[in-house]
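Asks: here is the input, now give the coordinates:
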Amino acid sequence: MSTGVLHTGHEVHPPSGWRRWLFTTNHKDIGILYLVFGFGMLLVGGSLAMLIRTELMRPTMAILSPEAYNQVITLHGLIMVFAAVMPITTGLANYLIPMMIGAPDMALPRLNNWGFWLLPAAAVTLVIPIVLKLIGIGNGAIDTGWTMYAPLSVQAGPGVDFAIFAIIMLGMSSLMSSINIIVTIFNLRTQGMTMMKMPIFVWSWLITAFLLIAVFPVFIGAVIMLFADRHLGTNFFNPAGGGDPILWQHLFWFFGHPEVYILFLPTAGILSHILATFSRKPMYGHRAQIYAYWAIGIMSVMVWAHHMFTSGLSVPVTLYFMYSTMAISVPVAVLFFCWIATMWRGSMTFETPMLFALGYIVLFGIGGLTGLALADAVADQQYHNSYFLVAHFHYALFGGPVMGIIAAAYYYLPKVTGYMYNERLGKWHFWLTVIGFNITFMPQFFLGIAGMPRRIPDYALQFASLNMMSSLGAFVLGSAQLLFVYNVIRTVRHAGAKATDRVWEGASGLEFTLSSPPPYHSFSVQPVVD
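Replies: Numbering: from 1, shown residues only. Sure thing, here's the model as predicted:
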């Protein structure tokens, strides 16, 4: 086991300053690095979203050229998925899992360090084409959309090549983290902690790690094939040479749809702990949630082609993917039932983490219900590539994972810093976020139903009012995150009240953050307050 110290000659001393962060093998330090990087990239991706909504505020706004608009949309998607939400959930895993299972550190600490430092390299690789364009070289960043559909990506500019190498590095980082997490969970659990006694967050990340190992190599293989089509004369996806563009869609979505659950599962695991704490009850349905996670993990790799209903699939294949997509809502519904049952008859209070947890349930629920509408192969013919789809996946990915990681940030910030955040600012942050988010994306459902296509820099005059509303909501949503940044910074700088050993004891009297499975028939068990 690495001790995280720097050896120089005969002297042994802990690294300090920049060396501490560059060479660290301590799971908490690496977790903080992931979190700082992820939240930083979340702000970058959010800034790109503000640029998109500024362009769409009015018809013929023309702040960006069509080419620049495509680049901004593509970078927004790639950054938010790969460089923001995934690193943040990985940071939570690094920080929390060893403590939750009684391990001294991650099982492979040097691999842990290497896995993180691939992320900044990948982020720089995505940005390099923009810098090159500013000095007159190339056409700028990748502009194909984050799905990188062929044959457009075969023929596009060099920004695609930079994105390919960035994705390979991001994939290597995720695979390293996943292997590390699996080995840590299986080999370093404390004595007496059987698999079924592990906290729900640990289980959620175990399933996530297996998913990443199963699907990310397929995506890496696909982008390598794309690179070969672009530069080595192959024709995997190029129809001019006998290739099949639909093959790219199958390979991409075999990764792309499980990716939704790779983002969802870790934050769902954290949510269970938060709800139990602020409901003063043991977590309901511990075993049921574990089985639901397994079901979601297995079924998520069986439903990918519901993204391809407009691609000319045969009727039997379409029916299979339609019904299997609807079936995956059953284990997700089990999680929702367990969350609601945890709160049922509980003595709830509504501190900021609990507010964001409740927002998660409501907003992700809307995303799930609209996903059922998209799962209908007939209805999808109208909704596909419209703003209905844009609204759906933002309710699913912002309303779920992003709300979850913000809830986790408030929940664990006092534990990490030793000081309390400002509760008033936290509640302002919540309400402005929820109001701004719904003003932004609820109109987009109606825009999609009315026929407005996505990924366009301009639109017909009939869509102007709802787009103006959506853009104003986006500015409220973006501005609200500045409150979060300020609240975190002032807490890190010890501006708040000092946290107690049991952070939430003053509100709850009993804390279930790391609880083992609850006793049998825990639905009626009430905690005893000392």
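Asks: going forward, measure contacts between C-alpha atoms and count neighbours the same way
Replies: Noted.
Asks: all helices of the stretch 251-400 of the chain, in order?
Replies: 286-299, 315-327, 329-343, 352-375, 380-383, 387-397 (DSSP state H, counting those that start in this stretch).
Asks: tell me the most buried of those?
Replies: Neighbour counts (mean count of other C-alpha atoms under 10 Å) averaged over each of the helices of the stretch 251-400 of the chain peak at helix 387-397, with a mean of 23.
Asks: distance to Ile88 added to the helices of the stretch 251-400 of the chain, as CSV?
Replies: Below are these laid out as CSV (distance: least, C-alpha to C-alpha, whole Å):
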stretch, distance to Ile88
helix 286-299, 20
helix 315-327, 27
helix 329-343, 22
helix 352-375, 16
helix 380-383, 31
helix 387-397, 14
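Asks: Serialize these to CSV and add fields for mean pLDDT.
Replies: Formatted as CSV, these follow (pLDDT from 0 to 100):
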stretch, mean pLDDT
helix 286-299, 95
helix 315-327, 94
helix 329-343, 95
helix 352-375, 95
helix 380-383, 92
helix 387-397, 95
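Asks: and the ones you listed: which comes nearest Ile270?
Replies: Among the helices of the stretch 251-400 of the chain, helix 352-375 comes nearest to Ile270, with 9.2 Å by C-alpha to C-alpha.
Asks: for that closest one, the distance to its chain's centre please.
Replies: Averaging C-alpha coordinates over helix 352-375 and over its chain gives two centres that are 14 Å apart (C-alpha atoms, centre = their mean, to the nearest Å).
Asks: dump that helix to PDB, restricted to CA.
Replies: What follows is helix 352-375 as a C-alpha-only set of coordinates in PDB (Å, rounded to 0.1, in the frame of the first residue of the first chain):
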ATOM      1  CA  THR A 352     -30.200  22.500   1.400                       C
ATOM      2  CA  PRO A 353     -29.100  18.900   0.700                       C
ATOM      3  CA  MET A 354     -32.600  17.600   1.300                       C
ATOM      4  CA  LEU A 355     -34.100  20.300  -1.000                       C
ATOM      5  CA  PHE A 356     -31.800  19.300  -3.800                       C
ATOM      6  CA  ALA A 357     -32.600  15.600  -3.200                       C
ATOM      7  CA  LEU A 358     -36.300  16.300  -3.500                       C
ATOM      8  CA  GLY A 359     -35.600  18.400  -6.600                       C
ATOM      9  CA  TYR A 360     -33.700  15.400  -8.000                       C
ATOM     10  CA  ILE A 361     -36.700  13.100  -7.500                       C
ATOM     11  CA  VAL A 362     -39.200  15.500  -9.100                       C
ATOM     12  CA  LEU A 363     -37.100  16.700 -12.100                       C
ATOM     13  CA  PHE A 364     -35.600  13.300 -12.900                       C
ATOM     14  CA  GLY A 365     -39.100  11.900 -12.600                       C
ATOM     15  CA  ILE A 366     -40.200  14.300 -15.400                       C
ATOM     16  CA  GLY A 367     -37.300  13.200 -17.400                       C
ATOM     17  CA  GLY A 368     -38.200   9.500 -16.900                       C
ATOM     18  CA  LEU A 369     -41.900  10.000 -17.800                       C
ATOM     19  CA  THR A 370     -41.000  11.900 -21.000                       C
ATOM     20  CA  GLY A 371     -38.500   9.100 -21.800                       C
ATOM     21  CA  LEU A 372     -41.500   6.700 -21.900                       C
ATOM     22  CA  ALA A 373     -43.100   9.000 -24.500                       C
ATOM     23  CA  LEU A 374     -39.900   8.800 -26.600                       C
ATOM     24  CA  ALA A 375     -39.800   5.000 -26.100                       C
END
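Asks: thanks a lot, see you next time.
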